[in-house]
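J.: show me the folded form of this:
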Amino acid sequence: MKKLISFSAIFLFLLLTACSKKDKVAVTSKTDLLTSGTWKLTAIVSDDDGNGSYETDVYVGFSGCFTDNYWTFKANGQLELNEGPTKCDPIDPQTQAATWQLTQNETHLVINLDEWILEELTTSTLKWKEEYSGGRSSLVTFTKR
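T.: Below is the predicted model of the structure:
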């Protein structure tokens, strides 16, 4: 009988404490996601005929000195573009600065004066879309380093 009372007391305690706790869901802002590390360009595809399908892999045409670059979005709105281990031109500076901001309820990314539609932003992936006339577009993908 003592075991039953002890078990019931423990069960009741666990039930009450479990019910009193609120599940907290961590909400990470898009700014926090962008500024949480550095990003490397990993894909660019384009829809050249405007049919909604990305049929051209543009990324394969870029040289290694460009694809090893990485981008660091800083919380103060500054963007550092780093040439990575291999520079395309040895006299180029290792880093360049730009500005960035999220606009239109965090659905667009503006870098200097260029604006893109933010398609996806997670802890590991950044994708933006650039639209052109005739329904054509490009999708640019970065992966967290």
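J.: CA atoms for contacts and neighbours, from now on please.
T.: Fine.
J.: centroid-nearest residue for this structure?
T.: Among the residues of the chain, the one closest to the centroid is Leu126, at 3.0 Å (Cα atoms, centre = their mean).
J.: give me the beta-bridge partners of that residue?
T.: With beta bridges defined as DSSP bridges, Leu126 has these partners: Leu121, Phe142.
J.: for this protein, what spans make up the helices?
T.: Using DSSP state H, the helices of the chain run over residues 2-20, 30-34, 64-67.
J.: buried sites along the second one?
T.: Put plainly, it is helix 30-34. Of the residues in helix 30-34, those buried under the neighbour-count criterion (16 or more other Cα atoms under 10 Å) are 30-31, 33-34.
J.: rewinding a little: who touches the residue nearest to the centre of the chain in this structure?
T.: When contacts are counted by Cα atoms under 8 Å, 6 or more residues apart in numbering, Leu126 is found next to 118-120, 141-144.
J.: hang on, the earlier thing: closest to Gly77 among the buried residues of helix 30-34?
T.: Within those, the smallest distance to Gly77 is 9.5 Å, found for Thr31 (Cα to Cα).
J.: distance of the closest one relative to Glu83?
T.: Noted for Thr31: a distance of 23 Å to Glu83, by Cα to Cα, to the nearest Å.
J.: one more: Val110?
T.: Using Cα to Cα, one gets 21 Å for the distance from Val110 to Glu83.
J.: same check on Lys129?
T.: Lys129 sits 23 Å away from Glu83, taking Cα to Cα as the criterion.
J.: quick one: mean pLDDT over stretch 62-77.
T.: Here the mean pLDDT over stretch 62-77 is 97, rounded to a whole number.
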